[in-house]
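[1] I'll drop the sequence and a predicted model, then ask my questions.
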Amino acid sequence: MRKSSLVFTARLPKPSLLGSEILLVYDESLVKYSTEFKSWLKSFPLRYPVAAGEKLKSVDEFPLHIHKIVALCRKSSSRNLTVVVVGGGSVGDFGGFVASVLKRGVRLIQIPSTWLAAIDSAHGGKTALNVGSAKNQIGTFYPADNIFLVKSLLLSQPSARSFEGFGELLKIALLAGGSFWKSFSKEKNVTPDLLWKYLRSAIQEKYKIVNKDPLEKTGHRHLLNLGHTVGHALEVYHELPHGIAINYGLDFSLRYGVHLKLMTRKDYDALMTYPVMAYLLSPSRDQLLFSNAQFLKNMQNLLLSDKKKTSSHKLRFVFLKNPGKATIVEVTVDDLLIEICRQKEEEWND
């Protein structure tokens with residue numbers, strides 16, 4: 001699988017540097033909060049604006065999009081065409097999938113516009129569409145030729161996007177351990193400048209994992225799903241932003257690991273003393289978990305549709321033993337439902 005070239009830049013790149021024939025797929029909301037992007041947009045005659053969100057990734061909606069895109073690119077050749085995608089995770093997934101199938105695959109450039117995408121989803125080559133409420137059921141491995149990390153674009157985001165990107169940054173720091181965790185764990189404030197400060201290191205740490213298992217054949221890449229199994233289910237059920245849901249998923253995974261004695265309570269308590277871990281906790285987290293039959297049935301259905309399943313009722317779950325040391329354990333869906341009930345009922349002295 002080809003490797004993506006990373007470009008860190010202060011401003012959006014000149015269009016002439018991106019290719020001779022360009023289809024720009026972009027989040028239509030960008031024109032509202034980035035005057036730089038609004039001006040830059042005018043340089044591209046082939047433009048396809050989209051509304052970000054999970055609906056964009058629906059397999060039912062895709063035929064409508066691809067008909068319009070094919071018509072838009074009817075005079076372009078597969079040899080010269082480059083799809084440039086500017087947006088967050090859903091736009092990146094959608095645009096990447098388009099590039100992978102359009103004219104049997106054309107050149108792809110990703111320019112993530114959200115911290116979440118810049119830290120995580122723009123890297124590793126995954127594209128995805130959803131089938132019903134089941135996330136990422138259809139997709140390809142199609143790494144971008146180039147990924148531009150544009151400081152001005154990322155810093156132009158609404159402030160809420162910084163916190164939404166924090167869950168993925170915390171996840172990768174916990175997986176990495178070492179000097180990255182030592183430095184990051186002392187941070188007290190989630191700000192755009194903090195995210196830019198650690199962006200390069202976070203991306204490098206993700207690629208260390210991805211490069212050992214680029215096509216998800218050995219299972220090593222599943223470490224990147226720390227916090228995602230229950231996090232994804234809560235995201236769909238409560239319609240949460242992805243990054244916020246991952247915060248709750250990380251919290252669930254850590255508490256579950258203590259219960260299974262994969263992490264000692266002493267190590268857990270020590271971990272939670274680091275300043276940065278204060279942002280993992282929320283007074284409302286237990287309000288997301290319920291022990292009633294309808295909630296558990298919905299969670300069961302969402303977990304059964306998880307692509308990390310190893311059999312009809314089992315899936316791979318990532319636990320943290322300590323920063324820099326994670327493990328993958330096969331658990332049943334029933335195990336997770338029981339743990340949801342346990343965490344809902346148990347009093348934790350946080």
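    Now that the structure is in, tell me what you want to look at.

[2] quick one, helices of the stretch 1-150 of the chain?
    Assigned by DSSP state H, counting those that start in this stretch, the stretch 1-150 of the chain shows helices spanning 30-33, 35-41, 62-72, 89-101, 115-116.

[3] make JSON lines from the ones you listed and add distance to Ile244 to it.
    In this view, the C-beta of every residue, glycine as well, is placed from N, C-alpha and C. JSON lines is the format used below for the helices of the stretch 1-150 of the chain (distance: least, C-beta to C-beta, whole Å):
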{"stretch": "helix 30-33", "distance to Ile244": "20"}
{"stretch": "helix 35-41", "distance to Ile244": "25"}
{"stretch": "helix 62-72", "distance to Ile244": "27"}
{"stretch": "helix 89-101", "distance to Ile244": "13"}
{"stretch": "helix 115-116", "distance to Ile244": "10"}
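
[4] just send those back as CSV, with mean neighbour count, distance to Leu304 and mean pLDDT too.
    As requested, these are exported to CSV (neighbours: other C-beta atoms under 10 Å; distance: least, C-beta to C-beta, whole Å; pLDDT from 0 to 100):
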stretch, mean neighbour count, distance to Leu304, mean pLDDT
helix 30-33, 16, 36, 92
helix 35-41, 15, 40, 95
helix 62-72, 13, 24, 97
helix 89-101, 25, 22, 97
helix 115-116, 27, 26, 93
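
[5] closest one to Leu174 among those helices?
    Evaluated with C-beta to C-beta, the helices of the stretch 1-150 of the chain place helix 115-116 nearest to Leu174, the distance being 16.5 Å.

[6] by contact count, what packs against that closest one?
    helix 160-176, helix 242-259 (3 or more C-beta pairs under 8 Å, 6 or more residues apart in numbering; DSSP states H and E).

[7] recalculate using a threshold of 6 Å.
    Counting contacts by 3 or more C-beta pairs under 6 Å, 6 or more residues apart in numbering; DSSP states H and E, helix 115-116 is packed against helix 160-176.

[8] for the helix it packs on, the distance to its chain's centre please.
    Helix 160-176 sits 10 Å away from the centroid of its parent chain (C-alpha atoms, centre = their mean, to the nearest Å).

[9] what's in contact with that helix?
    Residues from elsewhere that reach helix 160-176 (C-beta atoms under 6 Å, 6 or more residues apart in numbering): 114-116, 119-120, 180-181, 184, 190, 192, 195, 202, 205-206, 223, 226-227, 241, 243-244, 246-247, 320, 323, 326.

[10] restricted to strands, list those.
    Those of the contacts of helix 160-176 mapping onto strands are 320, 326, per DSSP state E.

[11] kindly write the ChimeraX command that selects the buried subset of the contacts of helix 160-176.
    Per 16 or more other C-beta atoms under 10 Å, the buried members of the contacts of helix 160-176 correspond to this ChimeraX selection:
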select :114,115,116,119,120,180,181,184,190,192,195,202,205,206,223,226,227,241,243,244,246,247,320,323,326
